[in-house]
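Peer 1: take a look and give me a structure for this.
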Amino acid sequence: MQVPLKITMRHMAQSEALEAAIRSKATKLEEFHPNVTGCNVAIEEEGRHQQQGRTFNVRLVVRVPEREVVVTRDHHEDPYVALRDAFDTAKRQLDEYDSVQRRQVKAHS
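Peer 2: Below is the predicted model:
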């Protein structure tokens, strides 16, 4: 990555384990798509609901040349699941972007 990974945690305590998981997933994403130039991850604990518990929101912004992939995922009670889902979605979107770049997608007339 040309720009270092930026991790932001809002309304929650700083977690070394969560930060390590983010760095691991960002490294794997960079190995999958070597043209990644930057990655920002923001995790926010939204309100604590009496019946639903804690809700986590993950916002992931991945930059590649000529494109910016933005993914937002919400999950109840587990930030790791929201993080996994966000990175999986970003990987799928980058794969689709590569297919279009290689012109493997059929163009409609």
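
Peer 1: how far does the helix or strand harbouring E19 sit from its chain's centre?
Peer 2: If you go by DSSP states H and E, E19 is part of helix 16-32. In terms of CA atoms, centre = their mean, to the nearest Å, the centre of helix 16-32 is set 10 Å apart from its chain centre.

Peer 1: what's that helix packed up against?
Peer 2: strand 6-10, strand 38-49, helix 79-101 (3 or more CB pairs under 8 Å, 6 or more residues apart in numbering; DSSP states H and E). No exception for glycine: its C-beta is placed from N, CA and C like everyone else's.

Peer 1: which residues does it contact?
Peer 2: If you take CB atoms under 8 Å, 6 or more residues apart in numbering as the criterion, helix 16-32 is touched by 1, 5, 7, 9, 36, 39, 41, 43, 62, 79-80, 83-84, 87, 90-91, 94.
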